[in-house]
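K.L.:
Next come a sequence and a model predicted from it.
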Amino acid sequence: MSTGDTAFDTDAAHDEAIRAIRTRRSGHNFDADAELDDETLEELIRDAALAPSSYNLQPWEFVAVQDDDRLDEVVELAYGQEHVKEAGTAILVVGHTEPETADRVFDEWVEAGRFDEETGQQVKEQTVAGYQSEQAGRDYGIRNASLAAQNLLLSAHARGLTATPMSGFDFEGMAEFLDLPEDKIPVMLVAVGPSGGEEPERLPRRDVEEILHRETY
Ligand SMILES: Cc1cc2nc3c(=O)[nH]c(=O)nc-3n(C[C@H](O)[C@H](O)[C@H](O)COP(=O)(O)O)c2cc1C
C-alpha cells in the first residue's frame, strides 16, 4: 500500500491535469466564512457537463443548495455531516433513468454528419431499448452521472476549491426534499466551497500490482 504518488510526470501532454488528479482530495476543511460565487458555480457545472457520456446523451442534472436553512436540512439528510454546511454549497448530481435526451442528441449526430439518417435512427432505437428495464435505466444514470461528478471534483480542485463526493445521505429523503421527478435519481452529493486549509494525509491506495490484471482477471 502507498499513500499515492503525488509527483506528476512532466513529460505528460497535460501535466497540470496529472497534478490535479494526483493532488485532489475529499476535503473536510472548508472556510465557512467564504462563499462560492455564482460564476464559479456555473463554471463547475460547465466542466462537469464536459464529462463523456454514452452517445453524448448527457443524462444528468445538478441541484445546487446554498440557502442556509436548506443546507441545515441537507446536513440532516446526510446524517449530520456538518462539513456540508461549512462548505456553503451542496450540489446533488442527478442521473436520468430514462433516455429523455435521445431525440435531440441523435438529431445532433445526424446534423453533424456523424451518422446518416438511417444509422442515427437505428442507434437511437438500440440506445432507447437499453434503458427498458428499471435496473438498466438506473445503471445508465449512475454510470454517466458519476463521471460528471468526478469532473466536478477535479474542476473544483483545479480552481483551488475543496470538494467532497458523498453518498452518505438518505437518497429517498434527498430526492423528496429537492423535488426530483420520478425518473431522476440522486447519484452523488458534492460538498464544495473555499478551502479552510490543509487536509490530513491521504489514506493508503492499493498498489497497481494488486489491482491491475492483464488480459484476464
Ligand atoms: C461513492 C462515494 C461516497 C462517499 N461518501 C462520503 C460521505 O458520505 N462523506 C464524506 O465525508 N466522504 C465521502 N466520500 C469520500 C471518501 O471518503 C474519499 O473519497 C476516500 O476516503 C478517499 O479519499 P480522497 O478522496 O481524499 O483521496 C465518498 C466517496 C465516494 C466515491
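P.N.:
Done, it's in.

K.L.:
Look at the closest residue to the ligand within the chain and say how many residues are nearby.
P.N.:
Closest residue of the chain to the ligand, CB to the nearest ligand atom: Gly168 (2.6 Å). C-betas here are computed from N, CA, C, even on glycine. Gly168: 10 surrounding residues under other CB atoms under 10 Å.

K.L.:
and if you look at Glu199?
P.N.:
Neighbours around Glu199, by other CB under 10 Å: 14.

K.L.:
what sits against it?
P.N.:
Arg25, Gly27, His28, Asn29, Thr162 (CB atoms under 8 Å, 6 or more residues apart in numbering).

K.L.:
what do you get if the cut-off is 7 Å, keeping everything else the same?
P.N.:
By CB atoms under 7 Å, 6 or more residues apart in numbering, the contact set of Glu199 is Arg25, Gly27, His28, Asn29.

K.L.:
Tell me how many other residues surround the third one.
P.N.:
The one in question is His28. Residues near His28, counting by other CB under 10 Å, number 16.

K.L.:
residues contacting it?
P.N.:
Contacts of His28 (CB under 7 Å, 6+ apart): His83, Thr164, Glu199.

K.L.:
Specify the local secondary structure of Ile185.
P.N.:
strand (DSSP: H, G, I helix; E, B strand; the rest coil).

K.L.:
ok, it touching Gly141?
P.N.:
Yes: here Ile185 lies in contact with Gly141, judged by CB atoms under 7 Å, at a distance of 5.5 Å.

K.L.:
what touches both of the two?
P.N.:
Gly95, Thr97.

K.L.:
Mind checking which of the two has more residues around it?
P.N.:
Gly141 (23 against 18).

K.L.:
who's in contact with the more buried one?
P.N.:
So Gly141 contacts Pro59, Gly95, His96, Thr97, Ile185, Val187 (CB under 7 Å, 6+ apart).

K.L.:
Most neighbours among those residues, please name it.
P.N.:
Counting by other CB under 10 Å, top hit in the contacts of Gly141: Pro59 with 28 neighbours.

K.L.:
which ones are touching that residue?
P.N.:
Contacts of Pro59 by CB under 7 Å, 6+ apart are Ser53, Gly95, His96, Thr101, Tyr140, Gly141, Asn144, Ala145.

K.L.:
Let's see that with 6 Å instead.
P.N.:
By CB atoms under 6 Å, 6 or more residues apart in numbering, the contact list for Pro59 reads His96, Gly141, Asn144.

K.L.:
ok, now Ala90?
P.N.:
Val65, Val74, Val84, Leu189, Ala191.

K.L.:
do that again at 7 Å, thanks
P.N.:
Ala90 neighbours (CB under 7 Å, 6+ apart): Val65, Leu71, Val74, Val84, Leu189, Ala191.

K.L.:
So it, which state does it fall into?
P.N.:
Assignment for Ala90 (three-state DSSP): strand.

K.L.:
For this protein, just list every one of the strands.
P.N.:
60-65, 89-96, 161-166, 184-194 (DSSP state E).

K.L.:
can you put those in JSON lines and add mean pLDDT and distance to Val128?
P.N.:
Formatted as JSON lines, those follow (pLDDT from 0 to 100; distance: least, CB to CB, whole Å):
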{"stretch": "strand 60-65", "mean pLDDT": "98", "distance to Val128": "18"}
{"stretch": "strand 89-96", "mean pLDDT": "98", "distance to Val128": "12"}
{"stretch": "strand 161-166", "mean pLDDT": "98", "distance to Val128": "30"}
{"stretch": "strand 184-194", "mean pLDDT": "98", "distance to Val128": "17"}
